[in-house]
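Sharing a model that was predicted from the sequence below.
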Amino acid sequence: MFKRKIEKDLARWKESGKRCLLLYGPRQAGKTYTLKHFLKANFKSVVRFSFAQNPLIIEGFGKLNSLNDFFGLMKVEGDIPPTVFHLDDIQYYLTCQQSNRQTAHSDSLSLVELGRLLTEQTPHRLVASGTLPIPNSVQETDELEIMRLHPMDFEEFLWANNVGSPAIESTKDAMAKGEPINDYINRTFLSHFHVYLLVGGLPEAVSLLVKTHNMGAVAHYHRYVYGLCQESVTNYTQPPTLSYRLTDLYVRLSAILTRPNQRFPVTELLDKSSGRYENFASNVASLAETGALIQVYRANQPKLPLKYSKAKAKLFLPDVGVLSSNLLDVEGKIAVLGGYNQSFNGALEENAAAEILSAHGFKILTYWNSSAHGEVDFLLPINSVLTPVLLDSGKGQTALHYNHTALHKLIRDHGFPQAYVFGETNLIKESDAITKMPIYLLDFLRPND
């Protein structure tokens with residue numbers, strides 16, 4: 001089992017006394033695997049049930065009216081010790097329940113109601129996991145904690161590849177002090193990051209890499225996951241006419257990300273009869289909640305508090321490895337391993353950056369684009385200071401001397417005290433405001449560094 005950072009959050013939940021947990025996130029991010037091992041190691045009695053491909057039980061859960069109905073479906077009889085009931089793949093249950101609420105079974109228990117009754121009337125715990133958008137009506141309470149699991153970040157990827165903590169901690173220390181990183185460690189971590197761009201952070205893909213070193217098997221798995229993500233797009237988009245357009249566009253998203261401006265063609269999704277944008281925005285927001293997409297909005301002004309335009313969003317895949325397997329042939333993958341990725345307009349780096357940043361507390365991601373300045377990849381609030389971030393997919397000395405016109409103009413006109421350029425380099429102070437960093441240091445950025 002790979003070490004995951006969320007294990008600390010799960011341990012905190014156990015000690016908190018809360019007895020309900022909802023863990024959600026993108027397909028194949030490791031929700032089931034992580035929970036199975038955590039619950040087995042920390043609780044004496046665990047009953048797990050998966051709703052995947054079990055239509056009869058799904059229908060039964062959609063008709064729950066009482067705890068007795070629940071225990072009957074779980075085949076629990078008589079007095080039992082305090083038990084954790086783990087309901088996995090609950091998106092199938094919720095889809096069925098929504099359908100039942102429109103028919104004769106409108107009084108069936110919701111998942112939240114089931115958890116409330118279980119904790120009020122029994123000593124048991126309820127853990128639910130799946131790929132689903134969280135409704136606004138579902139909020140954390142004294143008994144319920146909600147967590148999101150992302151794919152493995154770069155540090156977790158290093159752990160999986162047996163990179164020692166001393167090297168990682170020395171790198172973090174150098175970053176905090178603004179000092180160059182040990183040259184050997186820097187070159188090693190850059191090489192690992194090139195592999196991360198191809199493999200991504202889905203645990204099964206990382207496992208295939210570690211165990212077999214077979215990139216063909218990794219790519220085959222990525223294509224399977226891409227199909228699952230398309231299924232999520234279809235299942236969570238309404239009305240069906242919009243679902244067809246959005247699913248078709250999702251299939252073509254990899255190619256869209258290689259365009260110079262990476263814009264999402266919103267006009268292809270508008271309701272032709274009304275021309276309304278609201279349905280599109282609502283559905284994309286739901287898909288982002290499931291983890292099927294990552295949104296990066298265009299900022300209206302380069303200042304805090306950030307205001308942004310949802311109509312001019314960039315959309316990215318939830319895992320850079322899935323994108324790589326959709327884009328690259330063997331020659332392209334060899335080029336990425338060597339640090340050369342300019343032919344795709346930095347699509348892999350920007351997708352990886354969006355994925356990593358969204359996993360580390362940057363809840364709303366924005367970019368800047370204007371006729372006066374050009375484009376800057378991200379505007380990040382770090383310690384309450386808005387920080388422009390530029391990704392440079394150049395190689396070696398090219399990255400050190402490239403003229404980042406848009407960034408310099410933005411600093412000149414708005415007086416930003418700090419800005420970062422990430423690329424194939426070591427940590428270098430270019431000017432009073434601009435610091436160049438190796439691209440893997442993106443993984444160590446936090447909103448409150």
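All right, it came through fine.

going forward, measure contacts and count neighbours with C-alpha atoms only.
Noted.

ok, which stretches of the stretch 1-150 of the chain are strands?
Secondary structure of the stretch 1-150 of the chain (DSSP state E, counting those that start in this stretch): strands located at 20-24, 46-50, 84-88, 125-130, 144-148.

Could you dump those strands into a markdown table with distance to residue 445 and mean pLDDT added?
Below are the strands of the stretch 1-150 of the chain laid out as a markdown table (distance: least, C-alpha to C-alpha, whole Å; pLDDT from 0 to 100):
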| stretch | distance to residue 445 | mean pLDDT |
| --- | --- | --- |
| strand 20-24 | 23 | 93 |
| strand 46-50 | 36 | 89 |
| strand 84-88 | 32 | 93 |
| strand 125-130 | 28 | 93 |
| strand 144-148 | 19 | 93 |
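
Throw the ones you listed into CSV and include mean neighbour count and distance to residue 178, thanks.
Shown next, in CSV, are those (neighbours: other C-alpha atoms under 10 Å; distance: least, C-alpha to C-alpha, whole Å):
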stretch, mean neighbour count, distance to residue 178
strand 20-24, 23, 36
strand 46-50, 16, 48
strand 84-88, 22, 44
strand 125-130, 23, 40
strand 144-148, 18, 31
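
Distance to residue 193 added to those strands, as TSV?
What follows is these, written out as TSV (distance: least, C-alpha to C-alpha, whole Å):
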stretch	distance to residue 193
strand 20-24	26
strand 46-50	35
strand 84-88	32
strand 125-130	29
strand 144-148	24
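
Let me know which of the ones you listed is the nearest to residue 379.
Residue 379 lies closest to strand 144-148 among those, at 23.3 Å (C-alpha to C-alpha).

For that closest one, give me every contacting residue.
With contacts defined as C-alpha atoms under 8 Å, 6 or more residues apart in numbering, strand 144-148 is touched by 13, 18, 19, 20, 21, 22, 23, 24, 25, 139, 140.

State the distance from residue 391 to residue 436.
Residue 391 sits 10 Å away from residue 436, going by C-alpha to C-alpha, to the nearest Å.

what do you get for residue 174?
If you go by C-alpha to C-alpha, the gap between residue 174 and residue 436 works out to 13 Å.

Residue 388 now?
Using C-alpha to C-alpha, one obtains 12 Å as the distance from residue 388 to residue 436.

Find the residues that touch each one of those two.
residue 420.

can you give me the helices in the stretch 101-250 of the chain?
For the stretch 101-250 of the chain, the helices defined by DSSP state H, counting those that start in this stretch cover 111-121, 154-160, 165-177, 183-199, 203-212, 215-235, 240-251.

Go through those and name the closest to residue 443.
Using C-alpha to C-alpha as the measure, helix 154-160 is the one of those that comes nearest residue 443, at 6.2 Å.

So which residues make contact with that closest one?
Applying C-alpha under 8 Å, 6+ apart, the external contacts of helix 154-160 come out as 2-5, 168, 192-193, 196, 201, 206, 210, 356, 440, 443.

My guess is residue 360 contacts residue 446. True?
Yes: with contacts counted by C-alpha atoms under 8 Å, residue 360 reaches residue 446, the gap being 6.2 Å.

Tell me which stretches of the stretch 201-350 of the chain form strands.
All strands of the stretch 201-350 of the chain, identified by DSSP E, counting those that start in this stretch, fall at 294-299, 308-316.

what's the spacing between the longest one and its chain's center?
This points to strand 308-316. Put simply, strand 308-316 sits 16 Å off its chain's centre (C-alpha atoms, centre = their mean, to the nearest Å).

Which strands or helices does it pack on?
Applying 3 or more C-alpha pairs under 8 Å, 6 or more residues apart in numbering; DSSP states H and E, one finds that strand 308-316 contacts strand 294-299.

circling back to that earlier point, can you put the helices of the stretch 101-250 of the chain in TSV and add mean pLDDT, distance to residue 89 and mean neighbour count?
Converted to TSV, these look like this (pLDDT from 0 to 100; distance: least, C-alpha to C-alpha, whole Å; neighbours: other C-alpha atoms under 10 Å):
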stretch	mean pLDDT	distance to residue 89	mean neighbour count
helix 111-121	85	13	16
helix 154-160	98	24	20
helix 165-177	97	34	14
helix 183-199	97	25	19
helix 203-212	96	17	17
helix 215-235	86	12	18
helix 240-251	64	21	18
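
Fine by me, thanks again.
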